[in-house]
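*Asks:* Sequence first, then the predicted structure:
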Amino acid sequence: MSSELRDLSYVVMNLIGRNGAGPHDLVSMARRGQRLYWAGAESKIYAEPKRLERLGYLSAEKTPGKTRERTHYRLTDKGLHALRDWLARPSRFPRIQSEAAIRIQASDLADDAAVVLESFKPLRAEIEELSALLDASEQRESAFPHREHQLRLLRSLGRRILRAHLEWLDEVEQVLGADARE
């Protein structure tokens, strides 16, 4: 990996893809479901295309917008080459940052297991929200026929991640619920 490229660089170049995209488009894609696969602050997502343009991985052009001009980025040959090099490298197991896992590990320090169980309740609603985002994403896929297989596989991973979390939440409720009753 080039020292000037970051994990977020490859995410941004991927989302820009064949058709190009503006910073607002990138943030919109992130809000609509990418958070299942990577986390990035919106400010960094807005800033990364400008940085990649300065480095020669993207080109920018001004296009008309609803109220003002918008910047539309496209991959340069250098950007496409860097993305292709990255695609050829071995994939690593994903880094998982799970606040819920840390809460479980620390739950023996809680005064009452019911408190920890209560803190997990919003997770089910968030999983439902993410599932709805996957459903909506599926409805938009016809706009990207060149990525039909890739989007289907990505959605499959997302659904499996959500299903695994739901099954784990059932187990957490069963085990900690028994602790709370004792």
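*Replies:* That came through fine.
*Asks:* which SS state does Glu61 fall under?
*Replies:* At Glu61 the chain is in strand, as set by DSSP: H, G, I helix; E, B strand; the rest coil.
*Asks:* How is the closest residue to it other than its chain neighbours assigned, secondary-structure-wise?
*Replies:* For Glu61, ignoring the flanking residues on the chain, the nearest one in space by CB to CB, 6 or more residues apart in numbering is His72 at 5.5 Å. Every residue, glycine included, has its C-beta placed from N, CA and C. What three-state DSSP gives for His72 is strand.
*Asks:* what about His72, how many neighbours?
*Replies:* Per other CB atoms under 10 Å, the neighbour tally for His72 reads 19.
*Asks:* Now do it against Arg51, distance only.
*Replies:* Distance, His72 to Arg51, using CB to CB, to the nearest Å: 17 Å.
*Asks:* do Arg124 as well
*Replies:* 38 Å.
*Asks:* Check what pLDDT the closest residue to Ser107 other than its chain neighbours gets.
*Replies:* Nearest residue to Ser107 in three dimensions, chain neighbours excluded: Val116, at 4.5 Å (CB to CB, 6+ apart). Val116 is assigned 89 on the pLDDT scale.
*Asks:* isn't Val116 right up against Ile102?
*Replies:* No: if you go by CB atoms under 8 Å, Val116 and Ile102 don't touch, sitting 11.1 Å apart.
*Asks:* Can you name the element that comes right after the lowest-mean-pLDDT helix or strand in the chain?
*Replies:* The weakest-scoring helix or strand in the chain, judged by mean pLDDT, DSSP states H and E, is helix 23-31 (a mean of 80). Downstream of helix 23-31, the first helix or strand assigned by DSSP states H and E is helix 42-54.
*Asks:* so where do the strands sit in this structure?
*Replies:* Secondary structure of the chain, counting by DSSP state E: strands at 58-63, 70-75.
*Asks:* In TSV: those, plus mean pLDDT and distance to Gly158.
*Replies:* Listed next are the strands of the chain as TSV, based on pLDDT from 0 to 100; distance: least, CB to CB, whole Å:
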stretch	mean pLDDT	distance to Gly158
strand 58-63	93	27
strand 70-75	93	25
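*Asks:* So for Ser131, which of those strands sits nearest?
*Replies:* strand 70-75 (30.6 Å; CB to CB).
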